[in-house]
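Peer 1: predicted model and sequence follow; I will ask about them next.
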Amino acid sequence: MDTSTTVRPAPAPATQAGPAAVRHLKPTRQLVDEALRGTPAPAPETPPWSHRLLPPSVRGLLADLGWWQDPAPQPPSTHLEQVLAVLTKYGWCQSLDTTVTGRLCIRGAQNLLEKTGHTTPHGRQRAVHYMHQALAEAGITMSFFTWNDLPDQQFSAVETLLTRAARLARENGE
């Protein structure tokens, strides 16, 4: 056996990342933003009218019998995300909690979520606190429902408010 010659494997050809490969990579900032946002809370399905017309005490009795399942109340951060999801799904409006066509304002979406058991009155109050805190950071001192009804208000501003308020709630552990 001849040990004087050693066979070394040929180096693998260097692959160069061309412009096509670079186009498919996302910038780091975009990846970080997506990770911080997380998955948005889905809009809860609207219960049938028969369930919406029942008072909470009757729904509680039906839940005890196993004929109704109340949803688990969500913390304020998730409640705010659900409000945004409801407004996106059913439509946003101003001046009315609910329109004839089913569009909702922020307060109307909160009413729907509270009435169907997705939040408690205390959780809703905490969410309102975070919305007012987000508005105060922007220099706005009016209540959120008055701000929602301003004549030049846009849905994009409502989205920003709810997203910022949810982030504030999450930062405070709620």
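Peer 2: Sure, I can see it. Residues are numbered from 1 along each chain as shown.

Peer 1: tell me the pLDDT of residue 98.
Peer 2: Here the pLDDT value assigned to residue 98 is 87.

Peer 1: the one 10 residues further on too?
Peer 2: Per-residue pLDDT puts residue 108 at 93.

Peer 1: same check, this time on the one 4 residues further on
Peer 2: If you check residue 112, the pLDDT there is 88.

Peer 1: what segments of the chain are helices?
Peer 2: If DSSP state H is used as the criterion, the helices of the chain fall at 19-23, 28-37, 49-52, 56-65, 76-90, 106-115, 121-137, 144-148, 155-171.

Peer 1: turn those helices into JSON lines, columns for distance to residue 100 and mean neighbour count.
Peer 2: Where C-beta positions appear, they are placed from N, C-alpha and C, glycine not excepted. Written out in JSON lines, the entries for these read as follows (distance: least, Cβ to Cβ, whole Å; neighbours: other Cβ atoms under 10 Å):
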{"stretch": "helix 19-23", "distance to residue 100": "48", "mean neighbour count": "8"}
{"stretch": "helix 28-37", "distance to residue 100": "34", "mean neighbour count": "10"}
{"stretch": "helix 49-52", "distance to residue 100": "15", "mean neighbour count": "10"}
{"stretch": "helix 56-65", "distance to residue 100": "25", "mean neighbour count": "13"}
{"stretch": "helix 76-90", "distance to residue 100": "13", "mean neighbour count": "23"}
{"stretch": "helix 106-115", "distance to residue 100": "12", "mean neighbour count": "22"}
{"stretch": "helix 121-137", "distance to residue 100": "25", "mean neighbour count": "18"}
{"stretch": "helix 144-148", "distance to residue 100": "18", "mean neighbour count": "18"}
{"stretch": "helix 155-171", "distance to residue 100": "19", "mean neighbour count": "18"}
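
Peer 1: closest one to residue 96 among those helices?
Peer 2: Judged by Cβ to Cβ, the one of the helices of the chain that comes nearest to residue 96 is helix 106-115, at 7.2 Å.

Peer 1: against which helices or strands is that closest one packed?
Peer 2: Applying 3 or more Cβ pairs under 8 Å, 6 or more residues apart in numbering; DSSP states H and E, one finds that helix 106-115 makes contact with helix 76-90, helix 121-137, helix 144-148.
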